[in-house]
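what shape does this take:
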Amino acid sequence: MTRRAAIAAMLMCGIAGAAEKSFYKGPGIFSTRPSETKSLQTIARFGPVGMGIDLIQPAFVMKIKNIEEGSPADASGKLKKGQIIETINGQKLADIDPRIQLGRIVSAAEATDGVIKFVVRDEPGAKTEEATVKILEQLKKLGKKNPKTK
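Next up is the predicted model:
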């Protein structure tokens, strides 16, 4: 047996043996096309706003996952689970990791008036509504100071 034939035989035996002892069970976990309704990512808590956000395919559609009781989002009286967020302070999610963009929105609000404005709709094609969330009250409860005030 030539050296090449021996190597080929060892590789074939190794591949066959690996297939028999595979630790994979059930269907494959990877998909070339993600579900259009499944959350791509969940932001469990959007800072001091007091809400969770699901990012849904395609192209990061934002949906309110939950509203924390007693939070600034709850105090707005207009935000509720399942609503689609069109914009936050006039911004749509685009081009970068949404956690970075959402963090920047909160940071800018904390450094100024503490107001975050959401434009939401109950379902695709429904009329939009604006909801204002005031996070400064929440920051005061947590003992943080507005950098703009001394």
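
helix or strand next in line after the lowest-mean-pLDDT helix or strand in the chain, which one?
Lowest mean confidence among the helices and strands of the chain (mean pLDDT, DSSP states H and E): helix 3-20, at a mean of 59. Counting by DSSP states H and E, the next helix or strand C-terminal to helix 3-20 is strand 39-43.

okay, now the sheet partners of that next one, with direction.
strand 51-56 (antiparallel) (DSSP bridges).

okay, Gln41 and Leu102: tell me how far apart.
Separation of Gln41 from Leu102 (CB to CB, to the nearest Å): 11 Å. Where you see a C-beta, it was placed from the backbone N, CA and C, and this is true even at glycine.

do the same with Glu86
For Glu86, the distance to Leu102 - CB to CB - is 15 Å.

stretch 51-60: which residues count as buried?
Along stretch 51-60, these residues count as buried under the neighbour rule (16 or more other CB atoms under 10 Å): Met51, Gly52, Ile53, Asp54, Leu55, Ile56, Phe60.

where in the protein is pLDDT low?
Counting by pLDDT under 70, the chain has low-confidence residues at 1, 5-39, 58-59, 95, 138-150.

just give me the neighbour total for the closest residue to Lys78 other than its chain neighbours.
Take Lys78 and drop its neighbours on the chain: the residue closest to it by CB to CB, 6 or more residues apart in numbering is Ala131, 3.7 Å away. Residue neighbour count, defined by other CB atoms under 10 Å, stands at 17 for Ala131.
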